[in-house]
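Chemist: heads up, no residue letters with this:
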């Protein structure tokens, strides 16, 4: 009598985990986008730098961040395992199989799109998260007069020797904020045309990946009903496949051409 495979280690189980981690990452994209839209505020990075500090120091957010990193790794590893298994199990070669007649281009190339996204994520983390935590992020000090709202900004390329971490306090009628200047790190990074090009390529890959992946994830978890399929497809295509990638792509373009 053969023993059945545990659900989570079977191919179906791996697809289920990929779907759940993918939907979790979609949720993160929305939150990440809302925070990054602070980059467009004309306040010398005040709102964005406060957001960056909050996201990296508020304990519940830090816990969610660790779940995010784990989700990215699990999603990528399971995608690689399933792609390798599918290729090994296919009884006929590509020259005998016309995939174009049965599926869209992005659904046939999720592995390629995912690889581009993984390269993008590693580059993104190195440029911003790693630099903010361990690198040479510039320093900024905001002094806002409470009575008038007038603001003075002191920017330095290096962290002062007496800097003891993020600080926000009131002093003689002024609100004073001392912080690492991730906003200026973003501005400097996006003066590099190669990095801007990589970000645009990454957002194109994200768009095509999610147009197929969002709807596929709901089908995998069993949420497949004709009453809701149209709504899910619309959200997948227009929200995750068009609006979110375009807004993210507009950020490097804004700093390269405008700032």
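Modeler: Happy to help now that I have it. Values in this document were obtained by computation on a predicted structure and should not be read as measured data.
Chemist: use CA for all of it now, contacts and neighbours both
Modeler: Noted.
Chemist: Which strands and helices lie in contact with the helix or strand of the chain with the lowest mean pLDDT?
Modeler: Least confident element among the helices and strands of the chain, by mean pLDDT, DSSP states H and E: helix 105-108 (a mean of 80). Contacts defined by 3 or more CA pairs under 8 Å, 6 or more residues apart in numbering; DSSP states H and E place helix 105-108 against helix 193-220.
Chemist: Tell me how far the next helix-or-strand element following the helix it packs on lies from the chain's centre.
Modeler: The element immediately downstream of helix 193-220 (helix or strand, assigned by DSSP states H and E) is helix 226-234. Helix 226-234 sits 25 Å away from the centroid of its parent chain (CA atoms, centre = their mean, to the nearest Å).
Chemist: Buried residues of helix 226-234, list them for me.
Modeler: Across helix 226-234, burial judged by 16 or more other CA atoms under 10 Å covers 232, 233.
Chemist: Tell me how far the helix or strand that comes right after it lies from the chain's centre.
Modeler: For helix 226-234, the succeeding helix or strand toward the C-terminus, using DSSP H and E, is helix 244-257. How far helix 244-257 lies from its chain's middle: 13 Å, per CA atoms, centre = their mean.
Chemist: What of stretch 67-83?
Modeler: In terms of CA atoms, centre = their mean, the centre of stretch 67-83 is set 15 Å apart from its chain centre.
Chemist: Buried residues, it. List them.
Modeler: 68, 71, 72, 74, 75, 76, 78, 79, 82.
Chemist: Output the below-cut-off pLDDT ranges for this structure.
Modeler: Counting by pLDDT under 70, the low-confidence segments of the chain come to 1-9, 90-102.
Chemist: biggest helix in it by residues?
Modeler: helix 59-89 (DSSP state H).
Chemist: what's that one packed up against?
Modeler: helix 11-36, helix 46-57, helix 110-124.
Chemist: Would you format the ones you listed as TSV with distance to residue 258 and mean neighbour count included?
Modeler: As requested, those are exported to TSV (distance: least, CA to CA, whole Å; neighbours: other CA atoms under 10 Å):
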stretch	distance to residue 258	mean neighbour count
helix 11-36	17	17
helix 46-57	18	17
helix 110-124	21	17
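Chemist: So which of those is nearest residue 244?
Modeler: Closest approach to residue 244 among the helices and strands packed on helix 59-89 (CA to CA): helix 11-36, 7.4 Å.
Chemist: Which strands and helices lie in contact with the closest one?
Modeler: Secondary-structure packing of helix 11-36 (3+ CA pairs under 8 Å, 6+ apart): helix 46-57, helix 59-89, helix 193-220, helix 244-257.
Chemist: just so I know, which of those lies nearest residue 136?
Modeler: Closest to residue 136 of the helices and strands packed on helix 11-36 is helix 46-57 (CA to CA; 15.2 Å).
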